[in-house]
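Novice: Pasting a predicted model and its sequence here:
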Amino acid sequence: MNGTTDTADQQKKGFFKTHKAFLMYGLISVFVTVIDVIICRVCERFIHIVAANTIGVITGFIIQYFLTAKHVYNTRSKRSFVIFLATFLLNLLMANVIVYVFREFVFGGSDEGLPFLISKGASIVFPFFITYFIRKKVMPTKDDKKDE
């Protein structure tokens, strides 16, 4: 039985080591998402949902850039910032389209809690995966000295 436990522990460690960057990106994204949702929900009481969403997403971008540049991509080059900014703008466009379509067309303009959560959730999930994999593919690493 002890050999089985050791093998399972090794597999877990191997999984976490292999997927460390993605798991760290996910944890940072969850933290940033909580900040984004709170800011968006407060702001939408005073301004249009798309403007409120934009403020939340921009705040999240700033926090996420500094955390992921250090803990996921290990780089803060000019090139990495440009890539991060470009993918952020793509993410912002996708998030605003999704939140607008859900709130206005799916939920008929409702500003109730459940439609807000579903709309905001949909606007987070889809762009999350797209931006992570684009960034992973094109983001320079610490070993890449081209533009640093």
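Specialist: Thanks, I have the structure now. Owing to the predicted nature of the structure, the values given are computational and were not obtained by experimental measurement.
Novice: could you pull out the helices for this protein?
Specialist: 2-18, 20-43, 49-71, 78-101, 113-138 (DSSP state H).
Novice: who wins for proximity to residue 107 among those?
Specialist: Among the helices of the chain, helix 113-138 comes nearest to residue 107, with 3.8 Å by Cβ to Cβ. Where C-beta positions appear, they are placed from N, C-alpha and C, glycine not excepted.
Novice: other SSEs contacting that closest one?
Specialist: In terms of contacts (3 or more Cβ pairs under 8 Å, 6 or more residues apart in numbering; DSSP states H and E), helix 113-138 is packed against helix 20-43, helix 49-71, helix 78-101.
Novice: Mean neighbour count, mean pLDDT and distance to residue 135 added to these, as TSV?
Specialist: Shown next, in TSV, are those (neighbours: other Cβ atoms under 10 Å; pLDDT from 0 to 100; distance: least, Cβ to Cβ, whole Å):
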stretch	mean neighbour count	mean pLDDT	distance to residue 135
helix 20-43	16	91	8
helix 49-71	18	89	8
helix 78-101	17	89	6
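Novice: can I get those helices in a markdown table with distance to residue 116?
Specialist: Output for the helices and strands packed on helix 113-138, formatted as a markdown table (distance: least, Cβ to Cβ, whole Å):
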| stretch | distance to residue 116 |
| --- | --- |
| helix 20-43 | 7 |
| helix 49-71 | 8 |
| helix 78-101 | 9 |
